[in-house]
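> Test case, fold it:
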Amino acid sequence: MPPKRPPRPKTRDDFEIAIICALTLEADAVIALFDHHWDEDDQPSFGKTRGDPNAYSTGVMGRHNVVLAHLPGMGKVAAGNIAAFCRMSFPNINLALVAGICGGAPLYDKGQILLGDVIISTGVVQYDFGRQFPDKFEMKDTLSESLGRPNLEIRNLLAKLTTARQIDRLQTACGSYLDLLCHDTRRPVNYPGRANDNLFPADYRHKHQNSPVCITCASCHGDADPVCHEAIKAGCDALGCDLKQRLPRHAEAVDKPCPTVHFGTFASGDTVMKSGRDRDQLTLKNKVIGFEMESVGVWEVFPCVVIKSVCDYADSHKNKDWQSYAAASAAACTKAFLEYWDSAAQDLQAEAEAKKLQERLLESLRFPEMNERRNTIASETPSTFKWIFDESSEDSEDFDDSDDSDDYDDSRQHPYRPHGETSDKDSSDDDDDEEDSVPWRRERDWDSFEQWLASDQKIYWISGKPGSGKRTLMKFLLSNPKTLESLGRWREGTVILSHFFWKPGSAMQQSYKGFLCSIVCQLLAKDTNFFDLFRDMIGTTHRASPSDWDQRELCKVLYEYRQQSSQPVCVFIDALDEAAPGQDTLDLLQFVKALVSKNIKICVSSRPERLFQLQFEGHPHLRMHELTATDIEEYSETALRTSTMLKPKGINIRDLARQVATMADGIFLWAVLVTQSLIRGIYNGDSEDEIDERLNSSPKGLMNLYRDIMLRTSEDRPFYQRFMSMAINLSFVKSPYHNDLTVFDYMMVMDVELLDRYVVQGGQASEQELQTKTKVTKNLLEVACAGFLEVRGYESTQQKVSAFGSLAIYLKKNF
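Presented below is the predicted three-dimensional model:
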């Protein structure tokens with residue numbers, strides 16, 4: 001995309017860059033590359049200050065307004081005068097570029113220089129400024145006598161440009177601009193070709209080579225011997241210079257308009273260098289690679305960079321064949337150089353424009369309900385959820401950060417369970433009895449969230465039954481300083497993003513596109529590097545609202561951010577199960593798996609539905625409803641004590657709260673609604689029997705939740721109706737050996753063919769067949785009865801199936 005043209009300067013004070021050219025052909029080349037000519041506008045000329053004799057051309061090069069000062073002739077005196085007057089008329093110039101043609105050293109310590117190549121100055125020496133002794137001339141080079149270094153800003157830019165990558169970019173841009181000049185229909189520049197790039201030995205004099213008529217040239221045998229005046233003005237062809245004497249050039253020299261850019265010191269003086277011997281001495285002694293006549297005069301007036309192209313080798317064979325092409329090369333490189341230059345005023349303007357664009361983009365991505373769901377979630381009760389940052393368990397083991405893969409073996413799914421032990425879900429009858437008597441005993445059979453935050457593991461899954469408090473936990477994690485503290489042990493300066501899906505909300509609160517707009521909007525506000533990437537990929541096309549965005553382009557820019565950015569990011573995504581069903585949910589899951597990287601990790605929450613189990617079961621995980629009994633008891637007791645002004649007679653608040661925790665079966669919403677009902681009953685003076693009735697009834701507020709569970713399976717219900725009815729009826733049957741039936745029990749009852757062969761006919765069934773059929777039954781239970789029945793445990797044949805809490809009452813009424 002071409003750079004945006006700067007606005008017209010209001011006055012001469014707004015110009016910050018001057019270009020100084022000694023020759024008309026140099027100025028012509030520069031002006032030909034102007035992107036706009038302010039002199040040709042209908043508006044008044046910028047003029048000049050009183051007493052300034054200079055002539056100026058003003059225009060635009062890339063992102064910059066520039067003023068070109070025309071010199072009346074060559075030499076440092078003329079250049080110095082021009083620069084001084086220019087300073088008077090344009091007082092805020094902070095960079096002067098001396099552009100044009102020069103002589104070049106054909107060889108130096110970094111390689112060869114060819115005609116048409118460009119030299120950018122790293123310093124300037126005055127080779128004709130010094131002391132003339134009887135036997136020699138000595139240049140002045142002490143600190144007080146020599147020219148100073150370029151200023152710090154220029155030195156820093158030159159340091160950047162001399163890197164391999166930037167040299168390649170600079171030369172590519174230079175070649176592109178030179179190609180424009182070579183194909184200019186009004187005044188095309190001709191490329192002389194390498195056949196006309198003639199370099200002779202330094203001691204091979206430019207004179208009549210075979211003419212017996214010229215006695216002077218015939219007598220010239222050494223460096224100090226004179227040649228005739230005719231030879232000084234004539235070309236090599238007229239003098240018969242032997243082309244066989246030419247020095248060979250390196251084979252990589254390409255015969256096409258493609259100048260190489262060199263960085264080095266210029267020798268500047270009032271005399272034209274036309275001596276190969278003196279050229280080589282200066283190159284060897286002073287590391288000079290270019291010879292010109294103007295920069296000394298400009299150097300002490302402005303911060304200065306010399307950009308000149310080699311039109312001859314500064315020897316006696318000097319001619320004008322390459323001057324037009326060299327002038328074009330220098331102009332092309334000048335424009336390419338300016339692409340790297342940033343002025344203070346432009347920086348401020350660019351910063352203001354970037355801020356304005358950022359605000360416009362943020363506004364276009366926001367939708368009114370973007371933060372509504374998170375803001376409406378009730379805050380956690382004090383002292384709840386502390387367990388998620390509790391690392392006191394003796395069974396705790398660190399994650400293995402060396403494995404960054406997305407797949408984990410079974411041995412890593414539950415790092416807190418000691419070898420040889422099973423969870424409370426797989427325990428014996430006695431364990432079940434103990435679990436029933438102390439339901440809130442929390443065993444460490446879940447993966448440490450705090451360790452996940454500090455590890456290189458990419459995904460953490462918080463699953464839980466409907467109403468179990470997943471959303472409140474996610475809000476707690478986002479607001480708790482320990483989250484950011486733990487992430488700091490993973491990557492310093494981690495950015496936290498979040499999104500809360502909400503099925504009852506607006507379309508954007510449910511949709512995949514709404515999620516993308518939310519994440520991109522947060523990244524734009526929190527990471528300036530993302531803004532730069534977003535602007536480069538999306539451009540500045542006006543968009544007013546989320547409807548103007550295509551989710552594919554938002555995905556594309558986020559995937560590119562994943563590839564390019566080193567910014568650590570942790571994303572919290574709540575309620576995947578409340579995203580719009582169908583393609584939106586599938587796209588969302590695919591995006592989550594694709595976005596994670598060494599710098600991006602994601603924590604998700606959802607109900608334990610089969611689709612999410614298939615996606616996340618191998619990742620670090622906790623089951624919310626198995627870990628909140630203590631929190632529920634603490635909430636219920638606190639609410640009962642603080643909300644009842646009178647002490648209820650015959651009712652022990654702590655025991656009542658414990659009963660709530662026991663019966664809630666991990667469903668925080670049930671506990672909240674029942675606790676509120678109990679509070680009303682206590683206020684109403686209910687008897688103990690009436691309190692028990694409230695405790696054992698199904699709160700009306702849960703009916704909507706249960707109906708939602710029914711609706712989530714309505715599309716596929718015709719395929720699983722018979723299986724679903726049988727499974728739910730079986731859930732009310734108690735096993736004589738367990739409180740709940742196992743998946744194996746369900747399989748044996750519901751597989752009619754196996755039941756007849758194995759039980760009725762007394763046939764045999766292999767262990768492999770039983771395990772396979774048990775696995776199929778488990779899958780069907782998770783698909784057909786999602787949200788109604790829960791499969792718990794890890795050994796396939798011993799996994800238990802149960803309907804949670806008061807859902808049993810609802811199921812009995814509807815099945």
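> show me where pLDDT drops low in the stretch 451-600 of the chain?
540 (pLDDT under 70).
> Which residue ranges of it form strands?
For the stretch 451-600 of the chain, applying DSSP state E, counting those that start in this stretch gives strands covering 459-463, 495-500, 569-574, 600-606.
> and the ones you listed as a markdown table, adding mean neighbour count and distance to residue 323?
Where you see a C-beta, it was placed from the backbone N, CA and C, and this is true even at glycine. Output for those, formatted as a markdown table (neighbours: other C-beta atoms under 10 Å; distance: least, C-beta to C-beta, whole Å):
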| stretch | mean neighbour count | distance to residue 323 |
| --- | --- | --- |
| strand 459-463 | 23 | 66 |
| strand 495-500 | 21 | 56 |
| strand 569-574 | 24 | 56 |
| strand 600-606 | 23 | 57 |
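> And these: which comes nearest residue 619?
Comparing the strands of the stretch 451-600 of the chain by their distance to residue 619 (C-beta to C-beta), the top pick is strand 459-463, with 4.4 Å.
> Give me the contacts around the closest one.
If you take C-beta atoms under 8 Å, 6 or more residues apart in numbering as the criterion, strand 459-463 is touched by 406, 447, 449, 452, 470, 473-474, 592-593, 596, 601-608, 612-613, 616-617, 619-624.
> sorry, back to before: dump the strands of the stretch 451-600 of the chain to JSON lines, plus distance to residue 552.
Below are the strands of the stretch 451-600 of the chain laid out as JSON lines (distance: least, C-beta to C-beta, whole Å):
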{"stretch": "strand 459-463", "distance to residue 552": "24"}
{"stretch": "strand 495-500", "distance to residue 552": "19"}
{"stretch": "strand 569-574", "distance to residue 552": "20"}
{"stretch": "strand 600-606", "distance to residue 552": "20"}
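> Out of those strands, which is closest to residue 775?
In terms of C-beta to C-beta, the element of those nearest to residue 775 is strand 459-463, at 19.8 Å.
> Partner strands of the closest one and their direction?
strand 600-606 (parallel), strand 621-623 (parallel) (DSSP bridges).
> Let's have those in CSV, adding distance to residue 35.
Formatted as CSV, those follow (distance: least, C-beta to C-beta, whole Å):
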stretch, distance to residue 35
strand 600-606, 41
strand 621-623, 59
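> For residue 280, which of these is the nearest?
Checking those against residue 280 by C-beta to C-beta gives strand 600-606 as the closest, at 58.7 Å.
> contact partners of the closest one?
Residues outside strand 600-606 that contact it (C-beta under 8 Å, 6+ apart): 449, 452, 457-464, 470-471, 473-474, 477, 490, 562, 568-577, 592, 595-596, 612, 616, 624.
> Same check on stretch 229-240?
Under C-beta under 8 Å, 6+ apart, the answer for stretch 229-240 is 198, 206-211, 214, 217, 243, 317, 319.
> just to revisit the earlier point, check the strands paired with strand 459-463 for me: which has the lowest mean pLDDT.
Mean pLDDT is lowest for strand 621-623 among these, at a mean of 92.
> how far is that strand from where the chain is centred?
31 Å (C-alpha atoms, centre = their mean, to the nearest Å).
> list the helices and strands the next helix-or-strand element following it packs on?
Of the helices and strands lying after strand 621-623 in sequence (DSSP states H and E), the nearest is helix 629-643. Applying 3 or more C-beta pairs under 8 Å, 6 or more residues apart in numbering; DSSP states H and E, one finds that helix 629-643 contacts helix 653-664, helix 668-683.
> Now the ones you listed in CSV, please, with extra columns for mean neighbour count and distance to residue 544.
What follows is these, written out as CSV (neighbours: other C-beta under 10 Å; distance: least, C-beta to C-beta, whole Å):
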stretch, mean neighbour count, distance to residue 544
helix 653-664, 19, 47
helix 668-683, 21, 39
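> which one of the ones you listed lies closest to residue 548?
helix 668-683 (38.1 Å).
> Pull the contacting residues for residue 203.
By C-beta under 8 Å, 6+ apart, residue 203 lies in contact with 223, 276-277.
> what about burial for these, which qualify?
Buried subset of the contacts of residue 203 (neighbour count, 16 or more other C-beta atoms under 10 Å): residue 276.
> Just the closest of the contacts of residue 203 to residue 40, please.
Nearest member of the contacts of residue 203 to residue 40, counting by C-beta to C-beta, is residue 276, at 45.1 Å.
> Apart from its chain neighbours, what residue comes closest to the closest one?
The spatially closest residue to residue 276, leaving aside those adjacent along the chain, is residue 202, at 3.2 Å (C-beta to C-beta, 6 or more residues apart in numbering).
> Show the pLDDT at the closest residue to residue 447 other than its chain neighbours.
In this structure, residue 447 finds its nearest non-sequential neighbour in residue 620, 3.7 Å apart by C-beta to C-beta, 6+ apart. Residue 620 is assigned 95 on the pLDDT scale.
> Could you count how many residues lie near residue 620?
Residues lying near residue 620 (other C-beta atoms under 10 Å) number 25.
> now swap in the one 4 residues further on and tell me
Using other C-beta under 10 Å, residue 624 is surrounded by 24 other residues.
> Does it touch residue 473 like I think?
Yes - counting by C-beta atoms under 8 Å, residue 624 sits close enough to residue 473 to count as a contact (6.5 Å).
> Domain parsing of this protein, as residue ranges.
Listed domain ranges for the chain are 13-195+255-342, 358-378+447-626, 415-445, 629-697, 710-814 (source: automatic domain parsing).
> Quickly, which of the ones you listed bottoms out on average pLDDT?
domain 415-445 (a mean of 39).
> Correct me if wrong, but residue 289 is in a strand.
Yes - the assignment for residue 289 (DSSP: H, G, I helix; E, B strand; the rest coil) places it in a strand.
> Please report the distance of it from residue 249.
Separation of residue 289 from residue 249 (C-beta to C-beta, to the nearest Å): 16 Å.
> sorry, back to before: looking at the helices and strands packed on helix 629-643, which is closest to residue 163?
Closest to residue 163 of these is helix 668-683 (C-beta to C-beta; 58.6 Å).
> Now do the first helix or strand past that closest one going along the chain: which elements does it pack against?
Next along the chain after helix 668-683, taking DSSP H and E as the criterion, comes helix 688-696. Helix 688-696 sits against helix 653-664, helix 668-683, with contacts defined as 3+ C-beta pairs under 8 Å, 6+ apart.
> Which neighbouring elements make contact with the longest one?
Packing partners of helix 668-683 (3+ C-beta pairs under 8 Å, 6+ apart): helix 629-643, helix 653-664, helix 688-696.
> Check the shortest one too.
Helices and strands touching helix 653-664, by 3+ C-beta pairs under 8 Å, 6+ apart, are helix 629-643, helix 668-683, helix 688-696.
> What is the distance between the last one and the centre of its chain?
What it means is helix 688-696. 58 Å.
> Then the first one?
In terms of C-alpha atoms, centre = their mean, the gap separating the centre of helix 629-643 from the centre of its chain is 46 Å.
> What distance do you get for residue 317 to residue 46?
Counting by C-beta to C-beta, the separation of residue 317 from residue 46 is 44 Å.
> Can you give me the first-to-last residue distance of stretch 219-239?
One end of stretch 219-239 to the other measures 15 Å (C-alpha to C-alpha, to the nearest Å).
> And it, what's buried?
Quick answer for stretch 219-239 (16+ other C-beta under 10 Å): 220, 227-228, 231, 234, 236, 239.
> What of stretch 324-336?
Per 16+ other C-beta under 10 Å, stretch 324-336 contains these buried residues: 324-336.
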